[in-house]
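K.L.:
below is the sequence, then the predicted model.
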Amino acid sequence: MVIAERKPIEEIRAMLDGHKRVLLLGCQECVTVCMAGGSKEVALLASALRMVEPDKEFMESTVERQCEREYLEEARGAAEGCDLILSMGCGAGAGFASDIIEGIQVVPALNTKSIGVVDEPGSWVERCMACGECMLHLTGGLCPIALCSKSLLNGPCGGSQGGMCEVDQENVKCGWQLIHDRLKSLGREDLLEEIRPPKDWSAAHDGGPRRVVREDAMA
């Protein structure tokens, strides 16, 4: 899932400067799970903004997904008469809303943090950096690109001590210690003996926006 968190209220207020009628546009998918941008969060932010910005009018709407054209088309009606859309979707959703709902500026209410999982109630942790070349089959399902602070491909660096990373020895576990322990539990420590070549970052975002096309799914 995409993990995001709401921007500070003062940063959001600064983006509202010069605007009178604002649509808060939520998303029912990932950002709802991490309690950042669903209908409940839209209502809470709208209420807070009405208190501190009494001269502005705030509308509320939440679509199924801000990353799909058909759902954003549904938001056109809610946006009618507004001079700003405050997106409570991830960065992809906010950007796509700007493409689809023309003529109205779209600004983000959230900071998109990572792709991750629910670690425990109220806690989300990054597990994937969308590098475009997944190697989980070699590392016991644990991503060294995301879990290792240096994204190393061939084991831990010299800064790893007692299973903890030198970046924060109190809170950040060494990604490669986790990988070693997982592979040991699976009886696949042999995978640690293979030397990985330098990563081909051309599969990542460095070559511009990435696109995946399935001809069989196209109309």
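P.N.:
All right, it came through fine. This structure is a prediction, so every number in the text was calculated from the model and none was measured.
K.L.:
tell me where this structure has helices.
P.N.:
9-15, 30-33, 39-52, 69-74, 76-79, 91-100, 144-147, 175-186 (DSSP state H).
K.L.:
care to break this structure down by domain?
P.N.:
Per the record, the chain has its domains at 2-113, 133-206, by automatic domain parsing.
K.L.:
mind checking the end-to-end distance for the first one?
P.N.:
This points to domain 2-113. One end of domain 2-113 sits 8 Å from the other (C-alpha to C-alpha, to the nearest Å).
K.L.:
so for that domain, mean pLDDT?
P.N.:
For domain 2-113, mean pLDDT is 96.
K.L.:
that older thread, out of the helices of the chain, which comes closest to Arg21?
P.N.:
helix 76-79 (9.7 Å; C-beta to C-beta). For the C-beta atoms, the positions are set from N, CA and C on the backbone; glycine is no exception.
K.L.:
if we can go back for a sec, winner for burial among the domains of the chain?
P.N.:
Comparing these by mean neighbour count (mean count of other C-beta atoms under 10 Å), domain 2-113 ranks first with a mean of 18.
K.L.:
just how off-centre is it within its chain?
P.N.:
Chain-centre distance of domain 2-113: 15 Å, with C-alpha atoms, centre = their mean, to the nearest Å.
K.L.:
stretch 178-188 now?
P.N.:
On C-alpha atoms, centre = their mean, the centre of stretch 178-188 falls 28 Å from the chain's centre.
K.L.:
equivalent analysis for stretch 152-166, please.
P.N.:
Counting by C-alpha atoms, centre = their mean, stretch 152-166 comes out at 26 Å from the chain centroid.
K.L.:
need the helices of the chain in CSV (columns: distance to Gly155).
P.N.:
Converted to CSV, those look like this (distance: least, C-beta to C-beta, whole Å):
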stretch, distance to Gly155
helix 9-15, 40
helix 30-33, 32
helix 39-52, 41
helix 69-74, 44
helix 76-79, 52
helix 91-100, 33
helix 144-147, 9
helix 175-186, 5
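K.L.:
ok, longest strand in this protein?
P.N.:
If you go by DSSP state E, the chain has its longest strand at strand 110-120.
K.L.:
who are the packing partners of that strand?
P.N.:
With contacts taken as 3 or more C-beta pairs under 8 Å, 6 or more residues apart in numbering; DSSP states H and E, strand 110-120 sits against strand 2-6, helix 91-100, strand 123-128.
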